[in-house]
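Participant: Dropping a prediction and its sequence here:
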Amino acid sequence: MGEAKFLERLDKEAQLRERRGHGQGKGIFRWEDSFDLYGCIKFCLKVSGLWARGLRNYLDIRVESNEVFLERLAPEFDGFRILQLTDLHADLHPDFAAAVRSAVENVPCDLIVVTGDFRTCTYGDHTGATEAAIEILQGLSAPCYAILGNHDFLIKVPPLEAAGVKFLLNESATIRRGEAALHLTGIDDPNFYKTHDFEHAMRDLPDDGACRVLFSHAPQTHKIAADLGFDLQLSGHTHGGQICLPGGRVVVHDGTAERHLLSGPWREGNMQGYTSRGTGASGLPIRLNCPAEVTVHTLRSE
Ligand SMILES: [Fe+2]
């Protein structure tokens, strides 16, 4: 990921460990430093009778389809399917891994990507989340790429890579079909760690005019990614609001992305993008008016 960014991330991880996670949130999420935000929400949901429904929704993971027409996609890649999982926070609930496995087991795809946030907490032991993620991914046969989110420490990379996941930490990879290429670039978390480095990530990409797909944990890189000539950006992080008003209206978000980037497909200049509502949940195993999702992006050549 580049030595400077690597050291910067390790330093921020150490600070976070010392502060026991405090100081990462923004807006309302900063208040959780001074009182038990999730305890209050849990109490309100239990009193109002919405807890059981929210938990059912959390484990009822939808398979969403997103068809994207990309001008620079070579005909050899027409129909190429990327299965996106994101924001697993895989150690939040013991039934979660089985719920994801049952959602994805019959979903055909050519490539899998996990766009960050494997762990529930922003600090502390990662092993539960890593084991649950491996349980989810081990039955899937397509090649699997991943990036880190703001809930992840670098220490989880080696065990996940040993299980077959290829991390793109400010790196790129190319998939080839005959002479045609599809370039994949993954950047580190641009939200809290801010250790993303496009220059480093793209340093070996050939200027061959082939289609470029960016994996960025948070959608807030949309403008720079469009300027750099990416064709498609896939993100998560927002959880689509997770607990929303009827109709999916987001009540609270961390303010790092404009509302049109919080979930679903969007466009920035010539680049198309998609923000997943997330496969898991943060803080509480609850979703209201905001279904959990895995997403099949089918790439189409125009
Ligand atoms: Fe997340």
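Facilitator: Yep, it's here.

Participant: and the stretch 1-150 of the chain, which residues reach the ion?
Facilitator: Listed as neighbours of the ion in the stretch 1-150 of the chain under the rule Cβ under 5 Å from the ion: 87, 117. Bear in mind the C-beta positions are built from the backbone N, C-alpha and C, glycine included.

Participant: all helices for the stretch 1-150 of the chain, in order.
Facilitator: 3-18, 28-31, 37-48, 51-59, 96-104, 127-137 (DSSP state H, counting those that start in this stretch).

Participant: and what of the stretch 201-302 of the chain?
Facilitator: For the stretch 201-302 of the chain, applying DSSP H, counting those that start in this stretch gives helices covering 222-227.

Participant: re the thing from before, which of the helices of the stretch 1-150 of the chain has the lowest average pLDDT?
Facilitator: Among the helices of the stretch 1-150 of the chain, helix 28-31 carries the lowest mean pLDDT, at a mean of 55.

Participant: one step back: adding mean neighbour count and distance to residue 81, write the helices of the stretch 1-150 of the chain out as a markdown table.
Facilitator: Output for these, formatted as a markdown table (neighbours: other Cβ atoms under 10 Å; distance: least, Cβ to Cβ, whole Å):
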| stretch | mean neighbour count | distance to residue 81 |
| --- | --- | --- |
| helix 3-18 | 14 | 31 |
| helix 28-31 | 14 | 34 |
| helix 37-48 | 13 | 36 |
| helix 51-59 | 18 | 24 |
| helix 96-104 | 19 | 12 |
| helix 127-137 | 20 | 16 |
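
Participant: Save these as TSV, and put in distance to residue 288 too.
Facilitator: Below are those laid out as TSV (distance: least, Cβ to Cβ, whole Å):
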stretch	distance to residue 288
helix 3-18	29
helix 28-31	16
helix 37-48	8
helix 51-59	5
helix 96-104	17
helix 127-137	23
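
Participant: between these, which gets nearest to residue 302?
Facilitator: With Cβ to Cβ as the criterion, residue 302 lies closest to helix 96-104 of the helices of the stretch 1-150 of the chain, at 28.4 Å.

Participant: Just the CA coordinates for the closest one, please, in CSV.
Facilitator: Extracted C-alpha coordinates of helix 96-104, given in CSV (Å, rounded to 0.1, in the frame of the first residue of the first chain):
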residue,chain,number,x,y,z
PHE,A,96,-25.1,-13.8,10.4
ALA,A,97,-22.6,-16.0,8.5
ALA,A,98,-25.2,-18.6,7.8
ALA,A,99,-27.7,-15.9,6.6
VAL,A,100,-25.1,-14.6,4.1
ARG,A,101,-24.2,-18.0,2.9
SER,A,102,-27.8,-18.9,2.2
ALA,A,103,-28.3,-15.6,0.3
VAL,A,104,-25.3,-16.1,-2.0
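
Participant: Check which helices and strands it sits against.
Facilitator: helix 51-59, strand 62-70, strand 80-85, helix 127-137, strand 293-301 (3 or more Cβ pairs under 8 Å, 6 or more residues apart in numbering; DSSP states H and E).

Participant: From the chain's centroid, how far away is the shortest one?
Facilitator: What that stands for is strand 80-85. Its chain's C-alpha centre and that of strand 80-85 lie 12 Å apart, by Cα atoms, centre = their mean, to the nearest Å.

Participant: any idea how far residue 177 is from residue 278?
Facilitator: In this view, residue 278 and residue 177 are 30 Å apart by Cβ to Cβ, to the nearest Å.

Participant: Nearest to residue 89 among the helices of the stretch 1-150 of the chain would be which one?
Facilitator: Between the helices of the stretch 1-150 of the chain, helix 127-137 lies closest to residue 89; by Cβ to Cβ that is 7.2 Å.

Participant: For residue 93, grab the count of nearby residues.
Facilitator: A count of nearby residues for residue 93, using other Cβ atoms under 10 Å, gives 19.

Participant: which residues sit in contact with residue 294?
Facilitator: Going by Cβ atoms under 8 Å, 6 or more residues apart in numbering, residue 294 touches 61-64, 83-85, 100, 103-104, 107, 279.

Participant: contacting residues around residue 184?
Facilitator: Counted by Cβ under 8 Å, 6+ apart, residue 184 has contacts 113, 145, 168, 172-175, 213, 215.

Participant: Would you list the phi and psi of it?
Facilitator: Backbone torsions for residue 184, taken as degrees, to the nearest 10, come to phi -120, psi 130.

Participant: I'd guessed residue 200 sits against residue 1; true?
Facilitator: Yes - counting by Cβ atoms under 8 Å, residue 200 touches residue 1, with 7.0 Å between them.

Participant: if you count what's nearby, which of residue 278 and residue 177 comes out ahead?
Facilitator: Ranked by neighbour count (other Cβ under 10 Å), residue 278 and residue 177 place residue 278 first, with 29 against 13.
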